[in-house]
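J.: here's my sequence, what's the structure:
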Amino acid sequence: MASLGQFGAPLGIAALVMTLSSGVQAQESTNRVAADTDWSVFVEESPKECWAVSAPRETVNTRDGQPVQVRRGDILLFATYRPDRSTPEISFTGGYPFAGDSTVDVEIGSNEFQLFVDGQWAWAGSPEEDARLLAAMRAGAEAVLTARSARGTTTRDTFSLFGFTAATEEAARNCAD
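T.: Sure, this is the predicted structure:
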């Protein structure tokens, strides 16, 4: 796996993160094209990339089984499309550097997946795994991502999948050739 995932880190990620975390004023001057549910859709024109993205509804941080307060950056789950690919890349940033020898466990209903980590990002291991994740996310109600930070904190982030299918369809339409 390349150090930045199959597509590399999303090129417009800084603007997207600023929009998600800064509120309505920032939204007025961005490339946000949809936000009717728990998922938003963003489009970057040069180079063309489209994202369906969401922040978690619930976050629990523990160390040695005990809840702890920790400082984390942006916590986001993505489905990233590009014109040359119909299946998106599923990725996650936990807002901290992941433990180097770890994976991110994803639970969607009775389905379980693992994402491979690189710094603060995690990705599926192949386009086929992305397709399986996409199908489970479209059929599921929530995704629970469990990870371990480089400092030993276990994080459990719960994402609603309400609107995921519509958001990914919109992202795919916006990134079609």
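
J.: which residue is nearest the middle of this structure?
T.: Residue closest to the mean C-alpha point of the chain, counted by C-alpha atoms, centre = their mean, is Leu77 at 1.7 Å.

J.: now that one: how far from Ala172?
T.: The gap separating Leu77 from Ala172 is 17 Å, by C-beta to C-beta, to the nearest Å. (Glycine included, C-beta is placed from N, CA and C.)

J.: Gly65 too?
T.: Gly65 is 41 Å from Ala172, by C-beta to C-beta.

J.: so those two - more neighbours on which side?
T.: More crowded of Gly65 and Ala172, by other C-beta atoms under 10 Å: Ala172, with 18 against 6.

J.: who's in contact with the helix or strand hosting that one?
T.: Ala172 is located in helix 164-174, with elements delineated by DSSP states H and E. Contact with helix 164-174 is made by 33-34, 36-41, 43, 50-52, 54, 79, 81, 86, 88, 134, 137-138, as judged by C-beta atoms under 8 Å, 6 or more residues apart in numbering.

J.: which strands or helices does the helix or strand that contains Thr155 pack on?
T.: Using DSSP H and E, the element containing Thr155 is strand 154-160. Contacts defined by 3 or more C-beta pairs under 8 Å, 6 or more residues apart in numbering; DSSP states H and E place strand 154-160 against strand 58-63, strand 142-148.

J.: pLDDT on the next helix or strand along the chain from the shortest one, on average?
T.: Counting by DSSP H and E, the next helix or strand C-terminal to strand 58-63 is strand 66-67. Summarised as a single mean, pLDDT over strand 66-67 is 96.

J.: which residues touch the closest residue to Arg151 other than its chain neighbours?
T.: Spatial nearest neighbour of Arg151, excluding adjacent residues (C-beta to C-beta, 6 or more residues apart in numbering): Tyr96 at 7.6 Å. Contacts for Tyr96 were tallied using C-beta under 8 Å, 6+ apart; they are Val70, Arg72, Gly73, Gln120, Ser149, Ala150, Arg151, Thr153, Thr155.
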